[in-house]
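Asker: Take this sequence and fold it.
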Amino acid sequence: MAADPDRVRQLIYTSQAASPFDAAALRALLTLARARNTAANVSGMLLHVDGSFLQVLEGEADVVVPLFEKIGRDVRHRRVITLLARELEVRNFADWSMGFFDGSARAATTPGYRATTGFADLAGDPVALVRIVGEFRSGRWRQLAA
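Answerer: Presented below is the predicted three-dimensional model:
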């Protein structure tokens, strides 16, 4: 089935960092991702907790799918798992080239995070995943950062 050109492709995935990201490496990654996403008209969010990532990518399917494939080949990631891929009427993060939250050292307060699996246990649970993404969009994550 072909993607509807009037709809937005949303892809949510999780991965583990192949090696630890310190604060400077995370800032550099975020700066580059935001610049590239702006140029490609991709929006989304990125959560980082103790080496686990949860990312939402939104945009045209012919941009988002190859971007995700490139991320899957990136040696900085391992155990890349697609959690949810769907079409939306409108973007969840239309104004964000890449929203970001680093919950490292706050794992117990990070919704959906499990120390043993990162975010991988959200696979097959789209209700919980959509709730977590919605909480990020609504600002709940900013409260956790305080």
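
Asker: low-scoring stretches of the chain, by residue?
Answerer: Counting by pLDDT under 70, the ranges of the chain that qualify are 1-6, 105-116, 140-146.

Asker: repeat that for 50
Answerer: Counting by pLDDT under 50, the chain shows low-confidence ranges at 1, 145-146.

Asker: which one's the longest strand in it?
Answerer: Ranked by residue count under DSSP state E, the longest strand found in the chain is strand 77-88.

Asker: which secondary structure elements does that one contact?
Answerer: strand 8-17, strand 52-59, helix 61-73, helix 126-138 (3 or more Cβ pairs under 8 Å, 6 or more residues apart in numbering; DSSP states H and E). Yep, even glycine has a C-beta here, placed from its N, CA and C like the rest.

Asker: Mind listing the strands the first one pairs with, and their directions?
Answerer: When sheet partners are counted by DSSP bridges, strand 8-17 sits next to strand 52-59 (antiparallel), strand 77-88 (antiparallel).

Asker: looking at it, Arg9 is touching Pro66, isn't it?
Answerer: No: judged on Cβ atoms under 8 Å, Arg9 makes no contact with Pro66 at a distance of 11.2 Å.

Asker: More neighbours: the two, which one.
Answerer: Arg9 (22 against 11; other Cβ atoms under 10 Å).

Asker: need the contact list for Ser52.
Answerer: Going by Cβ atoms under 8 Å, 6 or more residues apart in numbering, Ser52 touches Thr14, Ser15, Gln16, Ala17, Tyr113, Gly118, Phe119.

Asker: Not counting residues beside it along the chain, what's closest to it?
Answerer: Once flanking residues are discounted, Ser52 sits nearest to Gly118: 2.9 Å by Cβ to Cβ, 6 or more residues apart in numbering.

Asker: Give me the distance between the one you found and Val42.
Answerer: As for Gly118, its distance to Val42 is 23 Å (criterion: Cβ to Cβ, to the nearest Å).
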